[in-house]
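A.B. asks: 3D, please:
(2 chains)
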Amino acid sequence: MMREEIFLGNGAVALGLVEAGCQVVTSYPGTPSSEILPEVVRLVKSEGLDTYVEWSTNEKVALDNAYAAAISGKRAACCMKQVGLNVAADSLMSAAYIGTTGALVIVSCDDPGPHSSQTEQDTRLMARLAKVPVLDPSNPQEAREMAKLAFDLSEEFKIPVILRPAIRVCHARQNLTYGPLKSSDKKASFKKDPGRWAATPRFRFILHGELNEKLRKIARRFETLAAYNFHDLEPGKKYPLGIIAGGVPYSVMRDILTEEDRKDIPLLKIGTPYPFPEGLALEFMAACEKVMVIEETDTVIEYFLRDREKVLGRLSGHVPSEGELVPQVIYGLVSNVLKELDLKPLTGDGDQEAFELVKGLDLPIRRPTLCAGCPHRASFFAIRKGRAKAIFTSDIGCYTLGLNLGGVDTCLDMGAAITMASGFYHAFAQDHVEQPIVATIGDSTFFHSGTAGLLNAVYNKSRFILVILDNEITAMTGMQPTPGIGIRADGSKGNAISLERVVAGCGVDFIEVVDPYDIKSMSGILKKATKYVKDPAGGVAVIIARHPCVIANRKEAIPEPIKVTVTEDCVECSFCLDRFECPALYKDEELGHTAVNEILCTGCGVCLEICPKGAIVEA
Amino acid sequence: METVNFVLGGLGGQGILFMTKVLAQAAMKKGLRAMGAETHGMAQRGGSVISHLRLGDVESSLVRTGSARFLLALEENEAYRNIPFLIRGGSIYANAKKDHFPRPEVKPYLDKKGIIYRSVPAEEIAMSLGTPMSSNLALLGFFSAFREGPLTYEELRETIDQVSPDRFKEMNFKVFDTGYKEGSKERS
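C.D. replies: Alright, predicted model coming up:
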């Protein structure tokens, strides 16, 4: 029976994985990839399939787990965001050489913009670096089809294959129809062959040669893969300008050329940027005097085009090297090129007047902020108050928004709150300077990559306070469970991992657990921790600030809401607005002082502790 | 059918995604091709949120500036922020007090471009019905009263019926219908 449903792009990827009979799916959440695994779970449950799914503790763990299944003859996938692939890079590079017996598909989701990432890096370059094929879908339906192609390629050539949907594929919505789903029935079988699976450097040289040969064969296959690599040249015709595009920019370009009815501009789509279908590109370039390349986010296709004289792109300054290529940007770039080449212009005016108008309105910039009732806000308030002179190293998650509260000075990558704290400690200690340092890291991020840094810090005698902001969930990416609560990806019960025991296992002797809603206790423990860090016998002090996320678990987070109000004692000092920044507190112009927005207020009651004039009281 | 582009703007947590879902689902039920683009991640924590929806035969999920037929805004400033998306002759539906909207500085531009602007105090409606987080449905009901675009009041209502969890259904209808009534009053 066929069904029609509006899928999120990540759901379309999940559908493609399940349709391909994928038996093992592992993932670590990260925008824009987070919804793939939950969508796999939804489809698998509705069909009663026995697909193995797991939230792994990090991306490297996810890749290794899927890889083992892929060398047991199974079809396996692991899903992550583009910077997650950095974490898994060590595995990826090696897996490319060794290859598979079954299939390994790595879904790595890019974030041009960036909207929710620390870089705009291009997974296609990572594929080139690792020497594995990469498929670049333009929309959800294509991502779904390419997922199946990826498995077939991987299985046929015994090589990991990357699928890289960009954010506008992941978070697009499209209606798709689908039929019954079935998983592959391949049974696990591992044939011992240490010369391959545990190859020493001398044999790696041979494996490298085999890998190169696989790529040559796949490149030939891609030359004729007409479903994803194609152009609309008319035979024998010459064109003053042609456009080469891939991924999301291809779909935008296609729409623009259709809307503008520009049959005089041929378009070459590259759906498989590596290994590059060079023959097809040469054929296209031969028919065009100039070729414009539009791709996100880096230069991959452009690097593969040898005749630079013809190419208009990033290297020639015709396309910006940072930022998302949204439709109006692409429209403007093509407009400029048409003008430069003295060709018929596009019809639109670029909407400059509207942009100027909006710019002149001075609209408030809406920066993201911690939710009303967020326990992190309480933690940051106490930390900032108690250790004002400290360097605040922090990490990736909702709590990066502690920036707004003056509680975050650095955010490098997953786990760096701890590693940078020890780095800062030694940098200052070397000069005999006693620099206070407070690191903050979320529970999920700590499980992801906190332990190696923490045991390193203890081993190397660093001194700082580490606050683990334990809200018992991976909140920013959409409320995925953590090892700490022990709920697994399919909702079943796993074994909960105790943060306290992990921290103790890293060699930490000072461990205190506190509820950050209780600002007084939190402040008291911070004082105690400060003493410990300074004590000759002290070291790293770990405070676990534990309170459930208000969005994930409102009832447990705030069992008895407290109604609060602001009295006439408010002197409009704005201390609460600046340093506490609760969305429910605002300056009421009519009242002439701060007030509480009852819709937004969660009743956490933490603000009762913060007003210097005591003007925030129970109603 | 000619492509119909929607842009929906608001702040994180206001229910932009739900509103988009209702429109997209109703379109699918009608046999239309729907493509949309959403905001997830960091921006959802109270920042500006925008959602694109395109009905018709298109490849890309993003609406280009100067091409949206409808702008539905759950917050007044987000309505202004997204003005560049509107096509000549498009329409704005905003959650804002009647006599306040739009700001005088933007009127000449909207009038010049033949852009229609309508506003309804959607948040007040939702609040008066005791469900402050449902201003999205009030605005959607209001929009449906003007019978613009390919989706009717009945079709949207039926979709709300399908996508609302049982315990919210009755309230969702109430808010949606109150918005619709406000719009009907204005239309007649």
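A.B. asks: separation between A:L282 and chain B?
C.D. replies: Applying C-beta to the nearest C-beta, to the nearest Å, the value for A:L282 to chain B is 26 Å. Using the backbone N, CA and C atoms, a C-beta is placed for each residue, glycine as well.
A.B. asks: what's the pLDDT at that residue?
C.D. replies: As predicted, A:L282 sits at a pLDDT of 97.
A.B. asks: SS state for A:V438?
C.D. replies: Classification of A:V438 using DSSP: H, G, I helix; E, B strand; the rest coil returns strand.
A.B. asks: list the contacts for it?
C.D. replies: Contact analysis of A:V438 by C-beta atoms under 8 Å, 6 or more residues apart in numbering or on different chains lists A:I383, A:R387, A:A390, A:I391, A:F392, A:T393, A:A421, A:F464, A:I465, A:L466, A:V467.
A.B. asks: what does A:Y331 give?
C.D. replies: A:Y331 makes contact with A:I256, A:L346, A:G348, A:G350, B:R64, according to C-beta under 8 Å, 6+ apart.
A.B. asks: which two in those residues are spaced the farthest apart?
C.D. replies: When C-beta to C-beta is used, the two most widely separated members of the contacts of A:Y331 are A:I256 and A:G350, lying 12.7 Å apart.
A.B. asks: ok, of the contacts of A:Y331, which one's closest to B:N136?
C.D. replies: Checking the contacts of A:Y331 against B:N136 by C-beta to C-beta gives B:R64 as the nearest, at 24.5 Å.
A.B. asks: right, and that closest one touches A:P327 too?
C.D. replies: Yes - under the contact definition of C-beta atoms under 8 Å, B:R64 touches A:P327, with a separation of 3.5 Å.
A.B. asks: shared neighbours, those two?
C.D. replies: A:V252, A:D255, A:I256.
A.B. asks: name the element B:K181 belongs to?
C.D. replies: For B:K181, the element it lies in under DSSP states H and E is helix B:166-187.
A.B. asks: out of the contacts of A:V438, who's the most crowded?
C.D. replies: Ranked by the number of neighbours (other C-beta atoms under 10 Å in any protein chain shown), those place A:V467 first, at 32 neighbours.
A.B. asks: mind checking which helix or strand that residue is in?
C.D. replies: A:V467 belongs to strand A:465-470 when assigned by DSSP H and E.
A.B. asks: so for stretch A:378-386, mean pLDDT?
C.D. replies: Stretch A:378-386 comes out at a mean pLDDT of 96.
A.B. asks: what distance separates it from the centre of its chain?
C.D. replies: Centroid separation between stretch A:378-386 and its chain, computed with C-alpha atoms, centre = their mean, to the nearest Å, is 28 Å.
A.B. asks: list the buried residues in it.
C.D. replies: A:A378, A:S379, A:F380, A:F381, A:A382, A:I383, A:R384, A:K385, A:G386 (16 or more other C-beta atoms under 10 Å in any protein chain shown).
A.B. asks: one step back: output the helix holding B:K181 as CSV, restricted to C-alpha atoms.
C.D. replies: Output in CSV follows, covering the C-alpha atoms of helix B:166-187 (Å, rounded to 0.1, in the frame of the first residue of the first chain):
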residue,chain,number,x,y,z
ASP,B,166,-7.0,15.0,21.1
ARG,B,167,-6.6,16.9,24.3
PHE,B,168,-5.9,20.2,22.4
LYS,B,169,-8.4,19.7,19.5
GLU,B,170,-11.4,21.5,20.9
MET,B,171,-9.3,24.5,22.1
ASN,B,172,-7.5,24.6,18.7
PHE,B,173,-10.8,24.8,16.9
LYS,B,174,-12.0,27.5,19.2
VAL,B,175,-9.0,29.7,18.6
PHE,B,176,-8.9,29.1,14.9
ASP,B,177,-12.7,29.9,14.6
THR,B,178,-12.4,33.0,16.6
GLY,B,179,-9.6,34.3,14.3
TYR,B,180,-11.8,33.3,11.4
LYS,B,181,-14.7,35.3,12.8
GLU,B,182,-12.6,38.4,13.2
GLY,B,183,-11.5,38.1,9.6
SER,B,184,-15.0,37.5,8.4
LYS,B,185,-16.2,40.7,10.2
GLU,B,186,-13.4,42.7,8.5
ARG,B,187,-14.1,41.2,5.1
